[in-house]
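Visitor: Take this sequence and fold it.
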Amino acid sequence: MNGEIWTWDSVATASAIRAGVISSREATQSVIDRIHAVNPVLNAIAETLEVEALAAADAADAASVRGEATGPLHGVPVTAKVNVDLAGHATTHGVVAFKDAIAKEDSASVANLRHAGAVVVGRTNIPTFCYRWFSSNALYGETRNPWGPSLSPGGSSGGAAAASATGIGSIAHGNDVAGSLRLPASACGIYGMRPTMGRLPSYNPAQAAEKSLCLQIAATEGVLARSVRDIEVGLRALERPDHRDPTFVPAPAASPGLDLPCRVALFTGEAEFGTDPEIVIALRQAARWLEEAGYVVEEAAPPRMAEMAELWMALLYAECSGETREFMLSVGDGAFRKAFHDTAGNLPVLDAAAEHQAWERRMTIQREWQAFFATYPIVLLPTSFQPTFPLQHDQEGPETMAAIMRAFSVLSSTAGLALPSISVPAGMARNVPAGVQITAARFMDERCLAAARVMEGKIGPIRPIDPVWH
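Guide: Numbering: from 1, shown residues only. Coordinates of the predicted model:
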């Protein structure tokens with residue numbers, strides 16, 4: 001636990017608070033000071049909660065003095081994504097028109113973090129409506145990648161990843177429906193996990209209507225952090241049952257009946273997706289690490305990845321149609337509209353009959369993946385087939401958008417199948433981080449975490465970085 005408190009992970013911080021080595025106020029003030037030091041150039045934090053956070057830290061310290069039972073994150077400063085409700089603050093979705101949409105209650109995620117004892121120090125930036133893979137909006141501005149001022153941190157949890165990577169909280173809450181946790185983790189050089197859909201409750205009391213079918217089936221909350229153990233602690237905190245989410249599944253914390261190590265399918269995507277050579281190098285190195293731990297790695301392609309990626313994006317955009325689409329386009333900013341139109345232009349248009357058939361096709365592909373997992377319980381893939389893109393890269397036109405969608409198809413395909421996946425910071429490509437992705441069958445989340453722990457043993461500890469802008 002050498003160095004400033006903001007450099008510690010949540011486990012070390014919580015342990016020091018429980019032991020009375022430090023107070024929650026000291027930990028929280030350390031992170032707030034870090035926000036003041038780096039956020040002016042990063043813009044990872046859309047809203048700093050300094051007064052509230054220090055009050056919560058004082059309350060945590062008072063509870064410690066009274067000897068009250070404490071949660072696993074007691075007194076630990078964390079961040080929450082700005083697209084989830086936090087009582088007394090606006091759930092803006094990065095939209096100027098929603099800047100005064102004050103939430104009266106906490107979302108399921110914020111409530112669970114607080115129940116675990118965490119202190120929410122800030123709310124992290126997102127793209128408008130979380131509909132871009134680039135974290136920028138007209139209300140809060142653009143988040144930059146700490147590895148370079150011209151680089152995107154990914155999206156939609158780009159602010160969360162940039163925050164955790166630079167020491168603004170050890171654990172960052174995020175969510176994922178097409179790669180929004182894993183892409184930013186890869187771009188910023190940290191870990192990011194989307195658990196099996198249903199493992200973590202998700203609900204915003206201020207939502208105007210129920211979530212669409214795609215979001216009900218595959219959108220999940222998740223965690224970004226600089227260590228696997230923090231990922232695990234964050235997941236345990238967020239999985240507390242919440243009756244407001246009827247899709248919540250009370251699954252056991254550890255997947256039952258695991259046989260580890262196991263067979264692993266390695267898919268580099270070189271032939272089909274033109275994976276960047278440096279990403280392939282990182283992927284093969286990660287495969288060797290697993291082999292050294294006893295895993296049996298074989299090159300094998302999971303079924304219909306490109307087809308599933310296009311299918312999932314087409315379903316997402318088909319659901320955002322009619323009055324909903326017109327409203328979003330009317331209140332969203334120009335960059336959002338450009339990205340939305342260029343994405344939609346690269347997708348098949350689904351009428352009601354075609355949408356029905358698409359859901360049936362998804363079930364077929366799910367069945368084929370389940371059969372694949374019977375042979376290979378783990379699949380090792382790139383997190384993205386290409387290195388981190390520049391800021392605003394999705395504004396360059398339909399052809400560029402098609403290339404972006406192809407690079408991220410590994411993310412949207414696994415998300416559309418509602419699979420657990422973790423991005424591990426296993427290498428570099430073009431002098432910036434490049435993650436590898438570990439995916440398993442539904443509710444086999446522990447397989448992902450076990451393989452990530454093996455890799456972490458080779459990678460070593462990840463310390464927060466200062467923005468390395470030359």
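Visitor: packing partners for the strand or helix carrying Arg367?
Guide: Assigned by DSSP states H and E, Arg367 belongs to helix 352-375. Packing partners of helix 352-375 (3 or more CB pairs under 8 Å, 6 or more residues apart in numbering; DSSP states H and E): strand 263-266, helix 305-319. All C-beta atoms are positioned from the backbone trio N, CA, C, and that covers glycine.
Visitor: Next secondary structure after that helix?
Guide: Counting by DSSP H and E, what follows helix 352-375 is strand 378-382.
Visitor: next one: that following strand to chain centre, how far?
Guide: Computed by CA atoms, centre = their mean, to the nearest Å, the chain-centroid distance of strand 378-382 equals 17 Å.
Visitor: check contacts around Ala14.
Guide: 72-76, 117, 233 (CB atoms under 8 Å, 6 or more residues apart in numbering).
Visitor: Tell me which two of those residues sit farthest apart.
Guide: Gly75 and Val233 (13.4 Å; CB to CB).
Visitor: So between these two, which is more surrounded?
Guide: More crowded of Gly75 and Val233, by other CB atoms under 10 Å: Gly75, with 29 against 24.
Visitor: show me the contacts for the one residue sitting closest to the centre of the chain.
Guide: Nearest to the geometric centre of the chain sits Leu181, at 1.6 Å (CA atoms, centre = their mean). The contact partners of Leu181, by CB under 8 Å, 6+ apart, come to 157, 174-175, 192-194, 222-224, 423.
Visitor: still on that earlier bit, counting neighbours, which of the contacts of Ala14 comes out on top?
Guide: That'd be Val76 among the contacts of Ala14, by other CB under 10 Å, with 35 neighbours.
Visitor: My guess is that residue contacts Val119. True?
Guide: Yes. Here Val76 reaches Val119: they are 6.6 Å apart, a contact under CB atoms under 8 Å.
Visitor: which residues do these two both contact?
Guide: Contacts common to Val76 and Val119, judged by CB under 8 Å, 6+ apart, are 24, 27.
Visitor: re the thing from before, tell me the angle the helix holding Arg367 makes with helix 305-319.
Guide: Interaxial angle, helix 352-375 versus helix 305-319 (axes from the mean of the first three to the mean of the last three CA atoms, to 10 degrees): 140 degrees.
Visitor: got the buried residues for helix 352-375?
Guide: For helix 352-375, the neighbour count (16 or more other CB atoms under 10 Å) marks 355, 358, 361-362, 365-366, 369, 372-373 as buried.
Visitor: With only the CA atoms kept, save that helix in CSV.
Guide: The C-alpha trace of helix 352-375 is given here as CSV (Å, rounded to 0.1, in the frame of the first residue of the first chain):
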residue,chain,number,x,y,z
ALA,A,352,-41.9,-6.5,-38.4
ALA,A,353,-41.6,-9.9,-40.1
ALA,A,354,-37.9,-9.6,-40.6
GLU,A,355,-37.4,-8.6,-36.9
HIS,A,356,-39.4,-11.6,-35.9
GLN,A,357,-37.2,-13.8,-38.0
ALA,A,358,-34.1,-12.2,-36.6
TRP,A,359,-35.0,-13.2,-33.1
GLU,A,360,-35.5,-16.7,-34.3
ARG,A,361,-32.1,-16.7,-36.0
ARG,A,362,-30.5,-15.4,-32.8
MET,A,363,-31.8,-18.5,-31.0
THR,A,364,-30.3,-20.7,-33.6
ILE,A,365,-26.9,-19.0,-33.2
GLN,A,366,-27.2,-19.2,-29.5
ARG,A,367,-27.7,-23.0,-29.8
GLU,A,368,-24.7,-23.3,-32.0
TRP,A,369,-22.5,-21.4,-29.5
GLN,A,370,-23.8,-23.6,-26.7
ALA,A,371,-22.6,-26.7,-28.6
PHE,A,372,-19.3,-24.9,-29.2
PHE,A,373,-18.9,-24.3,-25.5
ALA,A,374,-19.5,-28.0,-24.8
THR,A,375,-16.2,-28.6,-26.6
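Visitor: what's the angle between that helix and strand 378-382?
Guide: Going by the same axes, to 10 degrees, helix 352-375 makes 120 degrees with strand 378-382.
Visitor: Looking at helix 352-375 now, give me its mean pLDDT.
Guide: In this model, helix 352-375 has a mean pLDDT of 98.
Visitor: Not counting its own residues, what contacts it?
Guide: Taking CB under 8 Å, 6+ apart as the rule, helix 352-375 contacts 263, 265, 300, 302-304, 307-308, 311-312, 314-315, 318, 348, 350, 379, 416-417, 419, 440-441, 444.
Visitor: got the phi/psi numbers for Gln207?
Guide: Backbone torsions of Gln207, given as degrees, to the nearest 10, read phi -60, psi 140.
Visitor: Which per-residue confidence value corresponds to His470?
Guide: 49.
Visitor: can you check Pro256 too?
Guide: Looking at Pro256, the pLDDT reads 69.
Visitor: Same check on the one 4 residues further on?
Guide: With respect to pLDDT, Leu260 has a value of 86.
Visitor: Check the gap between it and Ala440 for me.
Guide: For Leu260, the distance to Ala440 (CB to CB, to the nearest Å) stands at 11 Å.
Visitor: Mutual contacts of these two, please.
Guide: Contacts common to Leu260 and Ala440, judged by CB under 8 Å, 6+ apart, are Arg447.
Visitor: which one of the two has more residues nearby?
Guide: Ala440 (26 against 15).
Visitor: where does the stretch 351-470 of the chain dip in pLDDT?
Guide: 469-470 (pLDDT under 70).
Visitor: How much space separates the residue of the chain positioned farthest from its centre from Gly174?
Guide: Distance from the centre of the chain peaks at Arg66, with 36.1 Å (CA atoms, centre = their mean). Arg66 sits 33 Å away from Gly174, taking CB to CB as the criterion.
Visitor: now do Glu299
Guide: Counting by CB to CB, the gap from Glu299 to Gly174 is 31 Å.
Visitor: if you count what's nearby, which of the two comes out ahead?
Guide: The neighbour comparison of Glu299 against Gly174 (other CB under 10 Å) goes to Gly174, with 34 against 12.
Visitor: would that one count as being in a strand?
Guide: Yes. Under DSSP: H, G, I helix; E, B strand; the rest coil, Gly174 falls within a strand.
Visitor: was I right about it contacting Tyr191?
Guide: No. Look at Gly174 against Tyr191 with CB under 8 Å: they stay out of range, at 11.5 Å.
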